[in-house]
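> Sharing a model prediction with you, sequence too.
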Amino acid sequence: MHHPLENLPILRMNGAGNEILVLDLRGLTHVLAPQEARAIAAAPGLRFDQLMALHDPHEPGDDAYMRIYNIDGSLSGACGNGTRCVAYALAREGKERLSLATQAGRLETRREAETVFTVDMGRPRLDWREIPLARAADTSAVALDPPVAGAPAQFSAVSMGNPHAIFFVVDAAAIALEDLGARLEHHPLFPERANISFAQIVARDDILLRVWERGTGATKACGSAACATLVASVRAGLTDRRARVRLPGGDLHIEWRADDHVMMTGPVEFEFETRLTSTLFEGAA
Ligand SMILES: N[C@H](CCC[C@H](N)C(=O)O)C(=O)O
């Protein structure tokens, strides 16, 4: 039987090593079901950290509405690295500046160089209800209660349209990311789970970062986590408002501007384009 996604082109890209698929569904009514996202992730060569599905814009002036899928099929309100990849994909249509909407708000992008893009990631949300946390807390220093062996006793919480918990550590390389990340993502303090960052401050403008992503796991880079981490570092008095954030897959440059917007600049890479086949979705569950 003909599947609505059969034969559609899909772009494989990465943003600072974060593995991204871009699927353009503009002009179609099909909304990808979680099991379809999981089926794509299971196809040879199509494993992704995030799949960015583009839909017709809901508002005049926007270029697209994005649904952002994690590898487990769950949705995220933000993905900084994926948004740069979408900006690159749509630059092929001659657009150097874009307005992209998600369930969490509007993101503006602009091209800096052939493969370098800046995304205005909007304002950080710092109220505990907006993260969300399970109970009232000052988000700049939340006690990890109950504690988790091997994790620092407190963390900073920031929403960039998706939930982030940032743990400051002396040596990020020494952290057991797979083990701690999986346990902290599901900590009872996070009713919607959370992306977990371990940040090592190197200088007032330099941060080393490793991230365990909600719904995906350890990734080579996470743009919204880099933004959340810079915000948390400024709030803690550890860095200035501009810093380089170094992730395993590459560097991002983050600025928390005086007008409260967080700007993220970083690279994208085009890997290949292929087409979806209907067999991929047989028995998708
Ligand atoms: N990699 C993305 C973030 C994915 C966040 C997602 N794992 C969530 O459920 O919030 C980024 O570059 O911002």
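Cool, got the structure.
> From here on, just use CA atoms for contacts and neighbour counts.
Fine.
> who's in contact with Gly27?
His55, Asp56 (Cα atoms under 8 Å, 6 or more residues apart in numbering).
> Give me the neighbour count for Gly283.
Using other Cα atoms under 10 Å, Gly283 has 9 other residues around it.
> what pLDDT does it get?
We note a pLDDT of 72 for Gly283 in this prediction.
> And what about it, helix, strand or coil?
Assigned by DSSP: H, G, I helix; E, B strand; the rest coil, the conformation of Gly283 is coil.
> can you check Val86 too?
Going by three-state DSSP: Val86 is helix.
> which one is it nearest to, not counting chain neighbours?
Nearest non-adjacent residue to Val86, counting by Cα to Cα, 6 or more residues apart in numbering: Val22, 6.7 Å away.
> quick one: contacts for the closest residue to the ligand within the stretch 51-200 of the chain?
Residue nearest to the ligand within the stretch 51-200 of the chain (Cα to the nearest ligand atom): Cys79, separated by 3.3 Å. By Cα under 8 Å, 6+ apart, Cys79 lies in contact with Gln50, Ile68, Cys222, Gly223, Ser224.
> mean confidence score for the helix or strand harbouring the residue nearest to Val86?
Following DSSP states H and E, one finds Val22 within strand 18-24. Strand 18-24 shows a mean pLDDT of 98.
> Can you point out the buried residues in the next helix or strand after it?
Next along the chain after strand 18-24, taking DSSP H and E as the criterion, comes helix 34-42. Across helix 34-42, burial judged by 16 or more other Cα atoms under 10 Å covers Pro34, Gln35, Glu36, Ala37, Arg38, Ala39, Ile40, Ala41.
> now the residues you listed in JSON lines, with distance to Pro191 and pLDDT?
Converted to JSON lines, the buried residues of helix 34-42 look like this (distance: Cα to Cα, whole Å; pLDDT from 0 to 100):
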{"residue": "Pro34", "distance to Pro191": "20", "pLDDT": "97"}
{"residue": "Gln35", "distance to Pro191": "22", "pLDDT": "96"}
{"residue": "Glu36", "distance to Pro191": "25", "pLDDT": "96"}
{"residue": "Ala37", "distance to Pro191": "23", "pLDDT": "97"}
{"residue": "Arg38", "distance to Pro191": "23", "pLDDT": "97"}
{"residue": "Ala39", "distance to Pro191": "26", "pLDDT": "96"}
{"residue": "Ile40", "distance to Pro191": "27", "pLDDT": "97"}
{"residue": "Ala41", "distance to Pro191": "26", "pLDDT": "96"}
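> Okay, the residue of the stretch 51-200 of the chain closest to the ligand and Tyr69: tell me how far apart.
Remark: distance between Cys79 and Tyr69 (Cα to Cα, to the nearest Å) = 9 Å.
> Name the residues contacting each of these two.
Listed as contacting both Cys79 and Tyr69 by Cα under 8 Å, 6+ apart are Gln50.
> picking up where we left off before, from the contacts of Cys79, which land in helices?
Gly223, Ser224 (DSSP state H).
> shouldn't Thr118 be in contact with Pro267?
No - using Cα atoms under 8 Å, Thr118 is not in contact with Pro267, being 9.0 Å away.
> List just the nearest of the buried residues of helix 34-42 to Leu98.
Ala37 (25.0 Å; Cα to Cα).
> Leaving out chain neighbours, which residue sits closest to the closest one?
Gly73 (5.5 Å).
> Let's see the pLDDT reported for that neighbour.
At Gly73 the predicted local confidence, pLDDT, stands at 98.
> Also the one 4 residues further on?
We have a pLDDT of 94 for Gly77.
> Domain-wise, how is this structure divided?
Following automatic domain parsing, one finds the domains of the chain at 9-121+268-281, 128-260.
> Which of the ones you listed sits closest to His2?
Comparison of the domains of the chain against His2 by Cα to Cα identifies domain 9-121+268-281 as nearest, at 7.1 Å.
> Could you check how many residues crowd around the nearest residue to Asn162 once chain neighbours are set aside?
Spatial nearest neighbour of Asn162, excluding adjacent residues (Cα to Cα, 6+ apart): Gly77 at 5.4 Å. As a burial measure, Gly77 scores 18 neighbours (other Cα under 10 Å).
> With Asp24 instead?
Residues within reach of Asp24, counting by other Cα under 10 Å, total 21.
> Perfect, I'm done here.
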